[in-house]
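Engineer: just coords:
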């Protein structure tokens, strides 16, 4: 046990911000940035308007951010937070304290361009696996992959202002049907700014597996990790920024009629530097869905039930109303896969994912 | 905690306040075989589908709902009072009906969660509620408050049938299938401004 283990207990949420701030200053001076971040994060939760807390916390979190594989990972400090919402849907209750190890999470959902690059596929929009992998896929799987590309071609391209059916049916046959409406200022097509969509759960797991090393594990966030990241250090708020209803500078939602996504980095980030945690795309988590999960959740690093029929999605999307784009609203969807099924519940422009990173060199973390 | 959470459905997401819609690729851009998901809050608003045919609409903002052009043919409409407004024209040599309109609550895209009793619908009808002005109204006519007490009611007046196969043919037939009555002002030629106040009823908490 260390002198600072109390920072990682649920009761740390009850401590005065000055005590936590002092701890943070001491830890930062000794070079223990991760524990300093934990202390500053707790101080921020207790006093989110204290300027010095904001500055110290921001400085340490910036130093802990990592760029790896061309992805920016922001640090979410170890420590307790309150998960759930006693005023929300039945499955968001009871609000309860959870303690998590520190982790990193991508600042935006994974883009189509990043996905292809990191898996060694050809660039989007062709997005074809290497020959040796292609041979392992059935014709149905290849067809299903291609159909998913049609959705991605409409929604993931930076300059597209509105998806159109004809674009979907045309695939890569220019001129045969009308093109989608594009922003004339957008420049050349690129697929590296908007979230990849029509993503199945095992797409996220597959990418995490590819990026993992013996020391650094990458995978989909647990539901608890996702919610703590979304809260951005605030306590009891509905949204990553507080309780004010979503506005277009913070959240991409209520745009069903526009059939498009906004660029996440154009949205104001939350307290952990994460963009578009709510709205934009529903994001896969690692956990199976159980409406009663909170009644018997473990306190430390909960991983959800061992089995289920749906995986948890969080955050809401560009099409949804304000009430489901909160940090606590839970959604589930079957983890169907293009690799095994021709059509499935993943074939929607509302679903994407981001990845978390656990560096086991600092703390021992068992892979779920 | 609701009784639902004790049953086998605890492993499938359900919500007491929100309803998940799945819009197929035939209706919205979702790629072949795809769906667009949308959560709505039935207590606050209803998703509707608009079918409309106007013989000669005038301007890009020819139809508005509470002063604004609907975001799509499938908007969410808040419960409560609203006004529909349209700017039309009538050709002297085509004096048949000028307008048919239908808007109804969409429920077939809902999935899973309890769905309230739906049934909101608004259709053109010869009942005196579709009001028209032959002279350009003052500003503010597209929203409330506005007094259209001296406007005259549109009456049932069949539209001139379009020739052969055309998009007009398809659209007229589409609105007819929704049960809308074709309306107009017999003998009128020139501009026409139309208003219809309506109310989307309060949520009755209906459950299946």
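Structural biologist: Noted; the coordinates are in hand. For clarity, every value in this text was computed on a predicted model and none was experimentally measured.
Engineer: Any residues of the stretch 251-368 of chain A in contact with chain B? List them.
Structural biologist: A:256-259, A:282, A:288-292, A:295, A:308-310, A:316-317, A:319-321, A:323-324, A:330-333, A:342-343, A:347-351 (CB under 8 Å from any CB of the partner chain). In this view, the C-beta of every residue, glycine as well, is placed from N, C-alpha and C.
Engineer: Quick one, which of those are buried?
Structural biologist: With burial judged by 16 or more other CB atoms under 10 Å in any protein chain shown, the buried subset of those is A:256-259, A:282, A:288-292, A:308, A:310, A:316-317, A:319-321, A:323-324, A:330-333, A:343, A:347-351.
Engineer: Double-check residue A:318 against residue A:282; I have them as touching.
Structural biologist: No: look at residue A:318 against residue A:282 with CB atoms under 8 Å: they stay out of range, at 9.9 Å.
Engineer: and the buried ones among the residues of the stretch 251-368 of chain A next to chain B, which of them are in helices?
Structural biologist: Members of these lying in helices (criterion: DSSP state H): none.
Engineer: intersection of neighbour lists for residue A:318 and residue A:282?
Structural biologist: Both residue A:318 and residue A:282 are in contact with residue A:350, where contact means CB atoms under 8 Å, 6 or more residues apart in numbering or on different chains.
Engineer: Can you report how many residues neighbour residue A:72?
Structural biologist: 17 (other CB atoms under 10 Å in any protein chain shown).
Engineer: quick one: it is in a strand?
Structural biologist: Yes: under DSSP: H, G, I helix; E, B strand; the rest coil, residue A:72 sits within a strand.
Engineer: quick one: low-confidence ranges for the chain?
Structural biologist: Because you didn't say which chain, this covers chain A. Residue ranges of chain A with pLDDT under 70: A:1, A:165-180, A:342, A:362-368.
Engineer: could you do chain B instead?
Structural biologist: Within chain B, the stretches with pLDDT under 70 are B:1-8, B:25-27, B:31-32, B:109, B:111-118, B:164-165, B:206-208.
Engineer: near chain A, which residues of it?
Structural biologist: Close to chain A, as judged by CB under 8 Å from any CB, chain B has residues B:1-2, B:4-5, B:9-18, B:20, B:25, B:28-41, B:44-45, B:70-72, B:74-76.
Engineer: Out of the residues you listed, which sit inside strands?
Structural biologist: Among the residues of chain B next to chain A, the ones falling in strands (DSSP state E) are B:20, B:35, B:36, B:37, B:38, B:39, B:40, B:45, B:76.
Engineer: quick one, strands of chain A?
Structural biologist: Taking DSSP E as the criterion, chain A contains strands spanning A:66-68, A:71-76, A:79-83, A:96-100, A:103-106, A:160-162, A:181-182, A:216-219, A:282-288, A:311-314, A:330-333, A:351-352, A:356-359.
Engineer: Counting neighbours, which bits of the fourth one end up buried?
Structural biologist: The one in question is strand A:96-100. A:96, A:97, A:98, A:99, A:100.
Engineer: Check stretch A:298-310 too.
Structural biologist: Neighbour-count burial for stretch A:298-310 flags A:301, A:302, A:303, A:304, A:305, A:308, A:310 (criterion: 16+ other CB under 10 Å).
Engineer: Could you point out which of these is nearest to chain B?
Structural biologist: Set against chain B, the nearest of these by CB to the nearest CB is residue A:308 (5.0 Å).
Engineer: Does the closest one touch residue A:289 like I think?
Structural biologist: Yes: using CB under 8 Å, residue A:308 is in contact with residue A:289, at 5.5 Å.
Engineer: Which neighbours do those two have in common?
Structural biologist: Common contacts of residue A:308 and residue A:289, defined by CB under 8 Å, 6+ apart, comprise A:332, B:11.
Engineer: Could you identify which of the strands of chain A is most buried?
Structural biologist: The highest mean neighbour count among these, using mean count of other CB atoms under 10 Å in any protein chain shown, belongs to strand A:351-352: a mean of 29.
Engineer: contact partners of that strand?
Structural biologist: By CB under 8 Å, 6+ apart, strand A:351-352 touches A:109-110, A:195-199, A:280-284, A:313, A:317, A:333, B:37.
Engineer: now the helices for chain A?
Structural biologist: A:17-29, A:33-46, A:51-64, A:112-119, A:131-134, A:139-155, A:165-170, A:201-211, A:223-231.
Engineer: got a list of contacts for the fourth one?
Structural biologist: If you take CB under 8 Å, 6+ apart as the criterion, helix A:112-119 is touched by A:69-71, A:121-125, A:127, A:129, A:152, A:156, A:190-192, A:194, A:196, A:203, A:206-207, A:210-211.
Engineer: burial measure for residue A:233, as a count.
Structural biologist: Neighbour tally, residue A:233, other CB under 10 Å: 26.
Engineer: That one against residue A:41, yeah?
Structural biologist: Yes: assessed by CB under 8 Å, residue A:233 is found in contact with residue A:41 at 5.3 Å.
Engineer: residues shared between the contacts of these two?
Structural biologist: residue A:57.
Engineer: Would you check how far apart residue B:61 and residue B:145 are?
Structural biologist: 20 Å (CB to CB, to the nearest Å).
Engineer: Compare the two (neighbour count), which wins?
Structural biologist: Of the pair residue B:61 and residue B:145, residue B:61 is the one with more neighbours under other CB under 10 Å, namely 14 against 6.
Engineer: Spit out the contact partners of the closest residue to the more buried one other than its chain neighbours.
Structural biologist: Nearest residue to residue B:61, sequence neighbours excluded (CB to CB, 6 or more residues apart in numbering or on different chains): residue B:69, at 5.5 Å. Residues in contact with residue B:69 (CB under 8 Å, 6+ apart) are B:60, B:61, B:63.
Engineer: How about the secondary structure of the second one?
Structural biologist: Three-state secondary structure (criterion: three-state DSSP) places residue B:61 in coil.
Engineer: Now do residue A:322: how many residues are near it, please.
Structural biologist: Residue A:322 has 19 neighbouring residues, counting by other CB under 10 Å.
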